[in-house]
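In: Build me a model:
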Amino acid sequence: MSDQTGHTEQTGQSGQTDHFDLAIIGTGSGNSLVTPDFEGKRVAVIEGGTFGGTCLNVGCIPTKMFVYAAEVAASARDAARFGVDATVHGVRWADVRNRIFQRIDPIAEGGKRYRIEGPGTTAFLGHARFTGDRRLTVELADGGERTLTADQVVIAAGAHPVVPDVVRESGVPFHTSDTIMRIDDLPEHLVIVGGGYIGVEMAHVFASFGVRVSVVARGPLLVRHLDEEIAARFTALAREQWDVRTGTTVTALERTGEGVRLHLEDETGSSVLEGDLLLVATGREPNTADLGVEAGGIRLHDDGRVAVDEVGRTSAPGVWALGDVSSPHQLKHVANAEARAIAHNLVHPDDLHPLPTEPVPAGIFSHPQIATVGLTEEECVERGLAHVSFVQSYGDTAYGWAMEDTTSVCKLIADPATGLLLGAHLMGPHATTLIQPLIQAMSFGQTVRDVARGQYWIHPALAEVVENALLGLAV
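Out: Numbers count the residues shown, from 1 in each chain. Below is the predicted model:
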């Protein structure tokens, strides 16, 4: 028989201790650590939430499926300026939502079933915490408790949404990115607290579906971690689409008959904002608060991340960490790359691979889309780096003309002495695709001139905006 703890040979009564060759906490990128190298060995997989982790269930994949539907609606609404008369007659929210999760949920369930019933692993469904050196106690979802030890442990426990005290203590109903995509009906007015990537992606989705959207952000700009010029351009465009309130603090919240009322403060004074649904998108923090790190001898950074060395080892011998629980970059492609390195390191102690480092690219799938890699111009100034920059407009290329584009840009920053790129920041359609040759150039040390003139650029493809931006740099 099988139960919540996996194969018959691994089950037992509460209080029993099992020993494994490897124990993995988390089934996001950590799930890929079960490689053929562990065939014939005992591997424990521990998951207290939904199998597949953030990306599959509440992050990259469902959000981008919603974004794609939103782009279809936005394109129809914008069609008239091209001489095409099109309208959006309505959005069947339930159909959009169900199409997405009827594909995703079976994948998560299948992954869970495979780890429980399939070969080579024992699944423990519950929350794990360290109770000693490579010793874990799992509070099982069914109310029981199991203890296990392992030769090696990998912490891949991910992160969770941050909810400010002012919201939590108010008692008002709210959603986070974990729940907003599964609501039953579209609201008339969505209020989003937070101006980072989650907030602006969800603003795009709901506004494109006909919802009135208000975004409340503490900083002077939306997506303020980006290059300041890009963030300023994006914020200006966002104001044309949504009710954007920057430099604003939420001081109190209260329920109304059908929704929520926010009391706000900005440099001009106090104001009130009402909506019928509240999304809190104020960041995510690593799942380390109840991990028992002290008992496990595991050191944390001040921000709660597990501290790791260049190859992924924690301060505790035999314990590794990867992904959002330890990385400064909460990005799936970073977690996957770290998992590949640690999967190798677990079985090759004499040939340890370093975790991938810079340059780390990122994308924001809002409207417009943004992609970034490397240093911002402000970071170059702060570090005292000699640099040159150039901004190429999409609209000054042939395909940009066809798009009637007047706002999209490609901004590049380079070292004038070496000709190497220091940073790339794109805002506009297909930005996350167009940036890829620039990521490659930075990763392989290709100079600006080599990339610009060492290959063909298809004319009149949109990629010419990248070519022209490279040629515009004075290096």
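
In: what's the burial count for residue 164?
Out: 17 (other CB atoms under 10 Å). Quick note: C-beta positions are derived from backbone N, CA and C, even for glycine.

In: Report pLDDT for it.
Out: Looking at residue 164, its pLDDT reads 98.

In: If you drop the residues flanking it in sequence, what lies closest to it?
Out: Computed as CB to CB, 6 or more residues apart in numbering, the closest residue to residue 164 that is not its neighbour in sequence is residue 282, at 5.8 Å.

In: which SS state does the one you found fall under?
Out: Of the three states, residue 282 takes coil under DSSP: H, G, I helix; E, B strand; the rest coil.

In: mind listing what it touches?
Out: Residue 282 makes contacts with 161, 162, 163, 164, 193, 194, 196, as judged by CB atoms under 8 Å, 6 or more residues apart in numbering.

In: switch to 10 Å and redo it
Out: By CB atoms under 10 Å, 6 or more residues apart in numbering, the residues touching residue 282 are 161-164, 167, 176, 192-196, 198-199, 216-218, 250.

In: Now the buried members of those residues.
Out: 161, 164, 167, 176, 192-196, 198-199, 216-218, 250 (16 or more other CB atoms under 10 Å).

In: Most widely separated two among the residues you listed?
Out: For these, the maximum inter-member distance is 17.3 Å, found between 176 and 218 (CB to CB).

In: Please enumerate the helices of the stretch 101-250 of the chain.
Out: 165-168, 197-208, 228-241 (DSSP state H, counting those that start in this stretch).

In: And the pLDDT for residue 73?
Out: So residue 73 comes in at 97 (pLDDT).

In: Spatially nearest residue to it (excluding sequence neighbours)?
Out: residue 208 is the one closest to residue 73 (CB to CB, 6+ apart), at 4.6 Å.

In: hang on, that neighbour packs against residue 66?
Out: Yes - if you go by CB atoms under 10 Å, residue 208 and residue 66 touch, sitting 9.3 Å apart.

In: For the stretch 1-150 of the chain, just list every one of the strands.
Out: Taking DSSP state E, counting those that start in this stretch as the test, the strands found in the stretch 1-150 of the chain are 17-25, 43-47, 121-132, 135-140, 145-155.

In: Out of the contacts of residue 282, which sit inside strands?
Out: Judged by DSSP state E, the contacts of residue 282 include 161, 192, 193, 216, 250 as members of strands.

In: Tell me the spacing between residue 215 and residue 449.
Out: Plainly put, residue 215 is 41 Å away from residue 449 if you go by CB to CB, to the nearest Å.

In: swap in residue 273?
Out: In terms of CB to CB, residue 273 sits 51 Å off from residue 449.

In: Comparing the two, which residue is more hemmed in?
Out: residue 273 (19 against 13).

In: What is the burial count for the closest residue to residue 63 other than its chain neighbours?
Out: Counting by CB to CB, 6+ apart, the nearest residue to residue 63 once its immediate chain neighbours are dropped is residue 201, at 5.9 Å. If you count neighbours by other CB under 10 Å, residue 201 ends up with 22.

In: Look up how far residue 271 lies from residue 201.
Out: To residue 271, residue 201 is 25 Å away according to CB to CB.

In: which intervals of the chain have sub-threshold pLDDT?
Out: Residue ranges of the chain with pLDDT under 70: 1-15.

In: Contact partners for the residue nearest the centre of it?
Out: Most central in the chain under CA atoms, centre = their mean is residue 331, positioned 4.6 Å from the mean C-alpha point. For residue 331, the contact set (CB under 10 Å, 6+ apart) comprises 55, 59, 60, 323, 324, 337, 360, 361, 362, 363.

In: Relative to residue 434, how far out is it?
Out: Taken as CB to CB, the span from residue 331 to residue 434 is 18 Å.

In: hmm, back to that, what backbone torsions are found at the residue nearest to residue 164?
Out: phi -110, psi 30 (degrees, to the nearest 10).

In: Tell me, how many residues neighbour the closest residue to residue 17 other than its chain neighbours?
Out: Closest residue to residue 17 apart from its sequence neighbours, by CB to CB, 6+ apart: residue 147 at 4.7 Å. By other CB under 10 Å, the residues close to residue 147 number 16.

In: Kindly state the beta-bridge partners for residue 147.
Out: Beta bridges link residue 147 to residue 17, residue 137, judged by DSSP bridges.

In: is it true that it touches residue 138?
Out: Yes - using CB under 10 Å, residue 147 makes contact with residue 138 at a distance of 7.5 Å.

In: on that earlier part again, verify the contact between the residue nearest to residue 63 and residue 367 for me.
Out: Yes - between residue 201 and residue 367 there is a contact under CB under 10 Å: 9.1 Å.

In: what touches both of these two?
Out: 67, 70.

In: Next, the nearest residue to residue 94 once chain neighbours are set aside: phi, psi?
Out: Distance criterion CB to CB, 6+ apart; nearest residue to residue 94, sequence neighbours excluded, is residue 184 at 7.3 Å. Dihedral pair for residue 184: phi -80, psi -30, per degrees, to the nearest 10.

In: Please work out how many residues are found near residue 184.
Out: 7.

In: Might you report the residue contacts of it?
Out: Residues near residue 184 by CB under 10 Å, 6+ apart: 93, 94, 97.

In: Return the subset of these lying in helices.
Out: 93, 94, 97 (DSSP state H).

In: how close does the residue lying closest to residue 232 once chain neighbours are set aside get to residue 230?
Out: With sequence-adjacent residues excluded and distances taken as CB to CB, 6+ apart, residue 232 is closest to residue 221, at 5.9 Å. Per CB to CB, residue 221 is found 10 Å from residue 230.

In: ok, now residue 210?
Out: Noted for residue 210: a distance of 28 Å to residue 230, by CB to CB.

In: Residue 114 too?
Out: In this structure, residue 114 and residue 230 are 42 Å apart, going by CB to CB.

In: Show me which of these two is the more surrounded one.
Out: residue 230 (24 against 16).

In: Count residues in the vicinity of residue 102, would you?
Out: For residue 102, the neighbour count with other CB under 10 Å is 9.

In: Kindly report the same for residue 468.
Out: Using other CB under 10 Å, the number of residues around residue 468 comes to 19.

In: ok, now residue 336?
Out: 16.

In: Identify the residues contacting the closest residue to it other than its chain neighbours.
Out: Among residues not flanking residue 336 along the chain, residue 29 sits closest, at 5.3 Å (CB to CB, 6+ apart). Residue 29 makes contact with 53-55, 154, 156, 158, 322-324, 332-340, 342-343, according to CB under 10 Å, 6+ apart.
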